[in-house]
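Undergrad: Give me the fold of what follows.
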Amino acid sequence: MRWGQYCLIEGDLVDGVLTLRLNRPDRLNAVNRQLHSELSRVFTDASFDAACDVIVLTGSGRAFCAGGDLVFLEACINDTAMFDAVAYEGKKIVYSMLDCEKPIVGKINGHAVGLGATLALFCDIIFMADDAKICDPHVRVGLVAGDGGAVIWPQLIGFARAKELLMTGNSVSAPDAAAMGLINYAVPAASLDARTSDFVKQLKAGHMTAVSGTKAAVNVALKQLAHAVMETSTALERISNRSPEHRAAVVGMLRKERPLAGSQ
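TA: The predicted model follows:
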């Protein structure tokens, strides 16, 4: 059954499982202004849907999410009011994923970059295709990692390793990400659908009230941390958005002077 009134997020609700699919495959599901706005609302809407028990988050085409669309990034540089609205939405994306008591299972079908990495890592359980990579390359375009990376990476892999990856923007393969605890499972791409489906069936076979309550209990400390860190990281990202380094990086990438950050 078709779900929701979104343009760039496809929703299908079948037997209590809501599959949300980022749907800009021609742009590797890079986040533009509209998709960013939809992401800030979709998890809240799913929370209030009584027919939904479990959420599966994935992408259309060969990528999960390539991060921020370059044209969108340039618009945010030129329009500070837009960036302020986007920063507010960015906090809503993170907070709504944490507030949603329904389990969110990440089916990460391809590369997860920048905001794409944040979306993947705030899922409760993460299955990733073993030929995919994950990275947060904010620093490579002169931005502070303000959209949630500073919150979740240290919680999953520790401060030392998280700082190394966030301050360099280096990518991590799915098998390495699983080995260090950044994601739950790296699985062959051909098996991703089946492995994710099997896990969702296991969740559905349990007592969903208890499962949801357990997620809520585990997330209490993470929500407190997220609210504290996001206020600072978003403010610092706002400052870096106005920097000449960020403008030069975005303009250079738009001119195809170098490949998309994190595509190594």
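Undergrad: The longest helix belonging to the chain packs against which elements?
TA: Ordering each helix of the chain by length in residues (DSSP state H) puts helix 208-241 first. Here helix 208-241 touches helix 80-99, helix 149-157, going by 3 or more CB pairs under 8 Å, 6 or more residues apart in numbering; DSSP states H and E. Where C-beta positions appear, they are placed from N, C-alpha and C, glycine not excepted.
Undergrad: Show the contacting residues for the residue lying closest to residue 87 once chain neighbours are set aside.
TA: Spatial nearest neighbour of residue 87, chain neighbours left out: residue 234 (4.9 Å); criterion: CB to CB, 6 or more residues apart in numbering. Each residue near residue 234 by CB atoms under 8 Å, 6 or more residues apart in numbering is listed here: 87, 90-91, 146-147.
Undergrad: Pick the one among those residues closest to residue 215.
TA: residue 91 (19.9 Å; CB to CB).
Undergrad: count of residues packed around the residue lying closest to residue 163 once chain neighbours are set aside?
TA: In this structure, residue 163 finds its nearest non-sequential neighbour in residue 154, 7.6 Å apart by CB to CB, 6+ apart. A count of nearby residues for residue 154, using other CB atoms under 10 Å, gives 17.
Undergrad: May I have stretch 93-103 as PDB, with CA atoms only?
TA: Extracted as PDB, the C-alpha positions of stretch 93-103 are listed here (Å, rounded to 0.1, in the frame of the first residue of the first chain):
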ATOM      1  CA  ILE A  93      15.800  14.700  11.400                       C
ATOM      2  CA  VAL A  94      18.000  13.400  14.200                       C
ATOM      3  CA  TYR A  95      15.600  14.100  17.000                       C
ATOM      4  CA  SER A  96      12.700  12.500  15.200                       C
ATOM      5  CA  MET A  97      14.700   9.300  14.500                       C
ATOM      6  CA  LEU A  98      15.500   9.100  18.200                       C
ATOM      7  CA  ASP A  99      12.000  10.000  19.300                       C
ATOM      8  CA  CYS A 100      10.400   7.400  17.000                       C
ATOM      9  CA  GLU A 101       9.700   4.400  19.300                       C
ATOM     10  CA  LYS A 102       9.200   2.100  16.300                       C
ATOM     11  CA  PRO A 103      12.300   0.200  15.300                       C
END
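Undergrad: okay, and for the stretch 151-264 of the chain, where does confidence drop off?
TA: 257-264 (pLDDT under 70).
Undergrad: picking up where we left off before, buried set for the longest helix of the chain?
TA: 208, 211-212, 215, 219, 226, 229-230, 233-234, 237-238, 240-241 (16 or more other CB atoms under 10 Å).
Undergrad: Could you do stretch 130-144 as well?
TA: Neighbour-count burial for stretch 130-144 [16+ other CB under 10 Å]: 130, 132-144.
Undergrad: still on that earlier bit, mind checking which of the helices and strands packed on helix 208-241 is nearest residue 106?
TA: Among the helices and strands packed on helix 208-241, helix 80-99 sits nearest to residue 106 (CB to CB), with 10.3 Å.
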